[in-house]
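1. prediction below, plus the sequence it came from.
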Amino acid sequence: MQIVADLAGPATRLDPPWVGVPAAMIAAAATVDTLRAVRAMPGWSIEVGPLAYAFADRGAERGVTLLVASQVPQLSPDLLADAVDLLRDFDAVLGPTTGEGWWAFGLREPAHGALLRTMPGALSGAGALTVASLRLGLRVAMLPTLHELGSGADVRAVAGLCPPGSEFAATVAHLSGMRP
């Protein structure tokens, strides 16, 4: 079993009021929380890289693969475990976000991922990914919808959804305290 975390952070999307160093701090904190949840999954191989890397033919059969985006720092090990459980009965799982994106996409058979890579735009958003999966004849289970960190306006709302001890929530609180 493998988790691939795409840590291309949301810092470039956080403009006003979050620009420059504060935006980078927020993106880094989102990454810390994402990795914390991922690392809590016992027995899983963890890789970090772009989503295309997850489905690249690297000559190894990996079994179940779960892709995780970094723009949902409220991610928890329980949500990841639910995704894994669903992959026992479904070919794929998809966790949409409140925007057009997705926070998790999992496949029971990695060969399906290679087919998705051949479909232009398949990984661009939850809707496109769902349509592509259904075109392949996959049975897709939906995970809960999570609030996406899509713009600066989402920062405080997402921070409020994070678990206790969240680096993201602490960073947002610290930076908010610095604002006039």
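-> Received, thanks. Numbers count the residues shown, from 1 in each chain.
2. okay, CA-based contacts and neighbour counts for the rest of this
-> Fine.
3. now the residue most central in space within the chain: how far from residue 135?
-> In the chain, the residue lying closest to the centroid (CA atoms, centre = their mean) is residue 69, at 2.1 Å. The spacing between residue 69 and residue 135, counted by CA to CA, to the nearest Å, is 23 Å.
4. also residue 115?
-> Using CA to CA, one gets 11 Å for the distance from residue 115 to residue 135.
5. so for those two, which residue has more residues nearby?
-> For residue 115 and residue 135, the more surrounded residue by other CA atoms under 10 Å is residue 115, and the numbers stand at 14 against 10.
6. so the more buried one is in which element?
-> Using DSSP states H and E, residue 115 maps to helix 110-117.
7. how about residue 68?
-> Going by DSSP H and E, residue 68 is part of strand 65-69.
8. contacts only, for residue 107.
-> Contacts were defined as CA atoms under 8 Å, 6 or more residues apart in numbering; by that measure residue 107 touches 64, 65, 66, 87, 91, 92, 93, 113.
9. how deep is residue 28 tucked in, by neighbour count?
-> By other CA under 10 Å, the residues close to residue 28 number 21.
10. which secondary structure element contains it?
-> Assigned by DSSP H and E, residue 28 belongs to helix 20-39.
11. strand partners (parallel or antiparallel) of the very next helix or strand once past that helix?
-> On the C-terminal side of helix 20-39, the nearest following helix or strand under DSSP H and E is strand 45-48. With DSSP bridges as the test, strand 45-48 is paired with strand 2-6 (parallel).
12. may I ask which helix or strand encompasses the nearest residue to residue 159 once chain neighbours are set aside?
-> Leaving out its chain neighbours, the residue that sits closest to residue 159 by CA to CA, 6 or more residues apart in numbering is residue 169, at 4.5 Å. Secondary structure assignment for residue 169, by DSSP H and E: helix 167-178.
13. which other residues reach that helix?
-> Applying CA under 8 Å, 6+ apart, the external contacts of helix 167-178 come out as 22, 25-26, 29-30, 32-33, 73, 155-156, 159-160, 162.
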